[in-house]
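*Asks:* would you be able to build a 3D model of this:
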Amino acid sequence: MNVLVTNDDGYGAWGIEALIKALSERHNVFVIAPDGNRSGNSHHISLGNKLILKKAGANHWVSSGTPADCVYSATKYDMFGVKIDAVVSGINKGENLGTETIYSGTCGAARQAVLDGIPGIAVSMMLPDNNLEWNDRANWHFESLAKFVKDNLETLSSLCVTSDNGRGRDEPCVYVNVNAFSYDKFSEVVFTDLCFREFVGDKIILKPLNKENTAFESITTSGENCSKNRGYSDYLACKDGKISISRIYAEPRTCGLENLDSITFSL
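*Replies:* Next up is the predicted model:
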């Protein structure tokens, strides 16, 4: 398969390097990744803004844009002269569970892929213990999850619904979200629902930039990350040492038109 690899941690990050190495053993790999960290960029597209693309190696490019920009550049400009069969975004350093998928640049890239007619898979890994050092490479077993993606790419791609293969059935686009704890081995692979993630104790600190208090610097500090589970959720699966697979709609959907006949509005 011809696989486009991107991420939101930036070109050269540990996760994307492990993913590129693994996928290259079986597939043709093409890379466009941001030139720096773009975590939390969600599905941001740089409409009307110039992007700088620089060659970083054979079939490797870095972009001044977002993860979604990277996918858009590859699919709309045909940068590599081949048909891309799948987009894999990651491996993200940190989880993208439940409602975190709304903010995730990793998921934004996979979402853009299916909207462009290409299967999109987002892949993320989290540390199993908050006491583990975040910046110690030895704590991150990206290779084990990269191997799983390499060995199951065709199956993961088949779980997506893209703008090309879904429109005949009037079916909304679907991308795949893969999460796991940082383990060498996993006990099982399971399909999961999404949890609700919230940071308990979030604070926003405003620092005045002048004596008149007409300008402020805003700093957000995160509280404890808590998960509220709906059924057997992605978080619970990861906590149990499993690989979580969630199929997520890429298109906004209404909650339906039932029971609305009694609602009236004034004009």
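*Asks:* so which residues of the stretch 101-250 of the chain form helices?
*Replies:* Along the stretch 101-250 of the chain, the segments classed as helices by DSSP state H, counting those that start in this stretch run 105-115, 142-151, 153-158, 234-239.
*Asks:* who touches the second one?
*Replies:* Applying CB atoms under 8 Å, 6 or more residues apart in numbering, the contact partners of helix 142-151 are 14-15, 17-19, 21-23, 25-27, 88, 91, 121, 123, 125, 156, 178, 180, 182-186, 189, 243. Every C-beta, even on glycine, is put in place using the N, C-alpha and C of the backbone.
*Asks:* repeat that for the third one.
*Replies:* Applying CB under 8 Å, 6+ apart, the contact partners of helix 153-158 are 1, 3, 23, 26-27, 85-86, 88, 119, 121, 149, 176, 178, 245.
*Asks:* can you check the last one too?
*Replies:* Identification of contacts with helix 234-239 by CB under 8 Å, 6+ apart yields 95, 97-98, 126, 177, 179-181, 190, 192-195, 197, 227, 229, 243-244, 246.
*Asks:* can you tell me which of the helices of the stretch 101-250 of the chain is most buried?
*Replies:* Counting by mean count of other CB atoms under 10 Å, helix 105-115 has the highest mean neighbour count of those, with a mean of 30.
*Asks:* list the contacts of residue 111.
*Replies:* Per CB under 8 Å, 6+ apart, neighbours of residue 111: 43, 68, 120, 173, 175, 248, 250.
*Asks:* right, and residue 35 touches residue 56 too?
*Replies:* No: counting by CB atoms under 8 Å, residue 35 stays clear of residue 56, with 9.0 Å between them.
*Asks:* quick check, pLDDT for residue 267.
*Replies:* What the model reports as pLDDT for residue 267 is 93.
*Asks:* before we move on, back to that, could I get the contacts of residue 111 in TSV, plus columns for distance to residue 108?
*Replies:* What follows is those, written out as TSV (distance: CB to CB, whole Å):
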residue	distance to residue 108
43	4
68	5
120	10
173	13
175	10
248	12
250	10
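*Asks:* now distance to residue 51 and pLDDT too, for those residues, in a markdown table please.
*Replies:* Formatted as a markdown table, these follow (distance: CB to CB, whole Å; pLDDT from 0 to 100):
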| residue | distance to residue 51 | pLDDT |
| --- | --- | --- |
| 43 | 16 | 90 |
| 68 | 11 | 95 |
| 120 | 20 | 98 |
| 173 | 24 | 94 |
| 175 | 23 | 97 |
| 248 | 27 | 97 |
| 250 | 22 | 95 |
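*Asks:* can you name the two of these that are farthest apart?
*Replies:* The two members of the contacts of residue 111 with the most space between them (CB to CB) are 68 and 248, at 15.1 Å.
*Asks:* out of these two, which sits in the more crowded spot?
*Replies:* Using other CB atoms under 10 Å as the criterion, residue 68 and residue 248 rank with residue 68 on top: 28 against 18.
*Asks:* any idea which element that one lies in?
*Replies:* Under the criterion of DSSP states H and E, residue 68 resides in helix 67-77.
*Asks:* so where's the stretch 101-250 of the chain uncertain?
*Replies:* 165-169, 200-202, 221-226 (pLDDT under 70).
*Asks:* rewinding a little: just the closest of the contacts of residue 111 to residue 215, please.
*Replies:* residue 43 (29.6 Å).
*Asks:* tell me the contacts of the closest residue to the closest one other than its chain neighbours?
*Replies:* Excluding the flanking residues, the one nearest residue 43 by CB to CB, 6 or more residues apart in numbering is residue 108, at 3.9 Å. Residues in contact with residue 108, defined by CB under 8 Å, 6+ apart, are 8, 41-44, 66-68.
*Asks:* same deal with residue 92?
*Replies:* Listed by CB under 8 Å, 6+ apart, the contact set of residue 92 reads 7-9, 15, 39, 104, 106, 122-125.
*Asks:* cool, and residue 106?
*Replies:* 7-8, 67, 89-90, 92, 96, 122-124.
*Asks:* just put those in JSON lines and tack on distance to residue 213.
*Replies:* Shown next, in JSON lines, are the contacts of residue 106 (distance: CB to CB, whole Å):
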{"residue": "7", "distance to residue 213": "40"}
{"residue": "8", "distance to residue 213": "35"}
{"residue": "67", "distance to residue 213": "37"}
{"residue": "89", "distance to residue 213": "42"}
{"residue": "90", "distance to residue 213": "42"}
{"residue": "92", "distance to residue 213": "38"}
{"residue": "96", "distance to residue 213": "37"}
{"residue": "122", "distance to residue 213": "42"}
{"residue": "123", "distance to residue 213": "45"}
{"residue": "124", "distance to residue 213": "40"}
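*Asks:* good, wrapping up.
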